[in-house]
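Colleague: Need the 3D shape of this:
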Amino acid sequence: MSSLREYCASLFGSEKLADCVVIFCQAQSDDAPPPAKRRSTRQTNTFGDPLPAHRVTLFGGSALLRSQAERWVSGVELRVPLGSPEDVPHARSALRFLYTGTVDGGSSAEELLKLRRQADYLVVEGCVEACDAALLARVKSGELNVAELFACRHLLPSPDESGGDELVEALLAACREVLVKQLDARSLGDLLAWAFRDAPSLLCDFTARSQMLQLSADAMEALLGSELFATDDEATVLLMVAEWRWAQQMELKDEAVDRLCRLVRLSQLPDDYLVDTLPHIPWFPLTSEERSFLRLYARSFGEKRTALTDVAARELYDLASPWYAASARPFGRSDLKRAYRWSIKQESIEKSVLNVKFDNGDAHLVAHGFRWWPSLKKEGEKYVGVYLGCSMPEALCVSAVRKCIRLARASARLVVYRCENVEVEADSDDYSDEYMEVGRSLGRDLALPLAAYIHKGKVTGSLTFV
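Modeller: Next comes the predicted model:
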């Protein structure tokens with residue numbers, strides 16, 4: 001720390017050279033400050049003792065305090081409205097940052113998040129970023145600090161707070177990196193579910209997917225067993241198991257894979273997936289007889305369900321297992337409304353070669369247990385058709401020889417950009433109710449004049465799940 005910074009730090013809370021005092025007070029319910037002529041008579045609750053301060057430091061580092069100073073007529077008294085007395089220590093820490101330029105490295109995750117919130121509110125230059133750096137460093141240091149952050153996750157910034165999205169994504173990635181190294185994660189199910197969030201967005205995120213593939217079998221078992229782990233469809237959870245198994249290069253029959261399969265909530269699978277896809281997955285440990293019974297059981301109620309329960313007892317089917325007994329997982333995907341950018345080279349379009357690439361490095365996204373991607377097909381000399389394609393993931397090992405008619409749909413928006421110095425959303429298609437055959441695509445023929453959409457040798461756009 002420089003001599004100047006050390007001297008500034010020594011002035012915090014000191015009356016030496018002080019030319020004002022900060023008074024923390026109760027924020028008014030209407031949030032709007034009263035007219036200046038009423039300031040001297042309006043009564044407000046104050047919190048704690050006045051804090052001696054230095055206007056050049058406060059006004060130089062906080063846009064909010066500068067604006068407050070211009071409105072308050074009392075001159076030496078600077079009133080800072082807070083939500084409650086509990087905010088005072090963290091507001092003081094934010095003001096201390098103006099003097100020291102540092103946050104306390106020994107602060108807990110809860111303290112750092114509360115300080116961050118006050119720094120964001122007071123618009124203290126550099127403090128939010130310092131809190132973010134301290135939080136990331138703390139999380140990366142070990143599992144206990146990940147658990148600490150999980151315990152105060154309700155304090156994480158919302159998307160409308162400064163840098164909220166970026167911080168949460170970075171913290172979750174750091175938490176996952178720590179968790180994949182844990183040898184015994186059987187008791188960390190809810191923590192894993194929070195860090196990995198949900199099945200579809202996980203499979204669409206190259207980094208998160210890579211981290212999931214590094215999890216031990218015990219950690220995967222804990223994750224899939226958590227009631228907090230969300231999905232858009234139980235078929236996507238089954239695909240997660242398939243991708244993990246594929247990455248481990250396991251044999252068709254493996255005890256660890258069987259344990260994970262037992263956690264897939266088969267009774268929550270879409271009926272057509274249960275009938276048309278599951279029977280053709282060779283490594284899934286479900287006999288054709290039990291599959292038929294499960295489908296019948298899952299769609300029955302009342303007296304019929306009671307009768308089937310009696311039958312199951314004789315046939316030794318375990319109705320207490322997640323295959324039968326588990327309720328639907330929380331519904332959702334955290335990447336909803338996120339625009340996944342993609343590009344297709346002009347050369348690929350000219351040669352009718354499917355070669356789309358998303359900015360995250362993947363060639364497809366995932367929804368409802370299937371792969372989805374945009375495609376452009378040249379039609380004639382000038383035009384291209386725009387389509388949304390759907391296919392069976394390779395990791396499921398469904399034989400291509402077994403020809404079945406499978407239908408799928410996803411609520412998505414496909415956009416193609418037109419480049420005129422800057423990118424403009426010039427063409428879009430919304431897919432929501434339309435079913436398409438898996439292995440084919442759905443869209444518009446002769447949709448776009450190709451020349452108008454080529455920029456730097458490629459066509460660009462985005463695919464968004466909505």
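
Colleague: Who are the contact partners of the residue most central in space within the chain?
Modeller: Geometric centre of the chain, nearest residue: residue 334, 4.2 Å, by C-alpha atoms, centre = their mean. Residue 334 makes contact with 197-198, 201, 230, according to C-beta atoms under 8 Å, 6 or more residues apart in numbering. Where C-beta positions appear, they are placed from N, C-alpha and C, glycine not excepted.

Colleague: Distance check, it against residue 8.
Modeller: Using C-beta to C-beta, to the nearest Å, residue 334 is found at 42 Å from residue 8.

Colleague: got it, and residue 141?
Modeller: As judged by C-beta to C-beta, residue 141 and residue 8 stand 29 Å apart.

Colleague: can you check residue 341 too?
Modeller: 44 Å.

Colleague: what's the answer for residue 456, then?
Modeller: Counting by C-beta to C-beta, the gap from residue 456 to residue 8 is 49 Å.

Colleague: Specify which residue of residue 141 and residue 8 has the higher count of neighbours.
Modeller: Ranked by neighbour count (other C-beta atoms under 10 Å), residue 141 and residue 8 place residue 8 first, with 17 against 12.

Colleague: Let me see the contact set for the residue lying closest to that one once chain neighbours are set aside.
Modeller: Excluding its sequence neighbours, the residue lying closest to residue 8 (C-beta to C-beta, 6 or more residues apart in numbering) is residue 99, at 5.0 Å. Listed by C-beta under 8 Å, 6+ apart, the contact set of residue 99 reads 8-9, 11-12, 57.

Colleague: please redo it, this time with the cut-off set to 10 Å
Modeller: Each residue near residue 99 by C-beta atoms under 10 Å, 6 or more residues apart in numbering is listed here: 5, 7-14, 53-54, 57-58, 61.

Colleague: what do you get for residue 333?
Modeller: With C-beta under 10 Å, 6+ apart, residue 333 has these contacts: 197-204, 230-233, 236, 366-367, 465.

Colleague: For it, give its distance to residue 327.
Modeller: On the measure of C-beta to C-beta, residue 333 and residue 327 end up 19 Å apart.

Colleague: repeat for residue 416
Modeller: From residue 416 to residue 327 the distance is 40 Å (C-beta to C-beta).

Colleague: Between these two, which has more neighbouring residues?
Modeller: Between residue 416 and residue 327, counted using other C-beta under 10 Å, the more crowded position is residue 416 (22 against 9).

Colleague: Strand partners (parallel or antiparallel) of the host helix or strand of that one?
Modeller: Using DSSP states H and E, residue 416 maps to strand 412-420. Strand 412-420 has its sheet partners listed here by DSSP bridges as strand 422-431 (antiparallel), strand 458-465 (antiparallel).

Colleague: Distance from the chain centre to stretch 148-164, please.
Modeller: 12 Å (C-alpha atoms, centre = their mean, to the nearest Å).

Colleague: got it, and stretch 349-356?
Modeller: So, by C-alpha atoms, centre = their mean, the centroid of stretch 349-356 is 31 Å from its chain's centroid.

Colleague: Put the alpha carbons of whichever helix or strand residue 8 is part of into CSV.
Modeller: Following DSSP H and E, one finds residue 8 within helix 3-10. C-alpha atoms of helix 3-10 as CSV (Å, rounded to 0.1, in the frame of the first residue of the first chain):
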residue,chain,number,x,y,z
SER,A,3,2.1,6.1,1.6
LEU,A,4,-0.8,8.2,0.3
ARG,A,5,-3.2,5.3,0.5
GLU,A,6,-2.0,4.5,4.0
TYR,A,7,-2.6,8.0,5.0
CYS,A,8,-6.1,8.1,3.4
ALA,A,9,-6.9,4.8,5.2
SER,A,10,-5.9,6.3,8.5
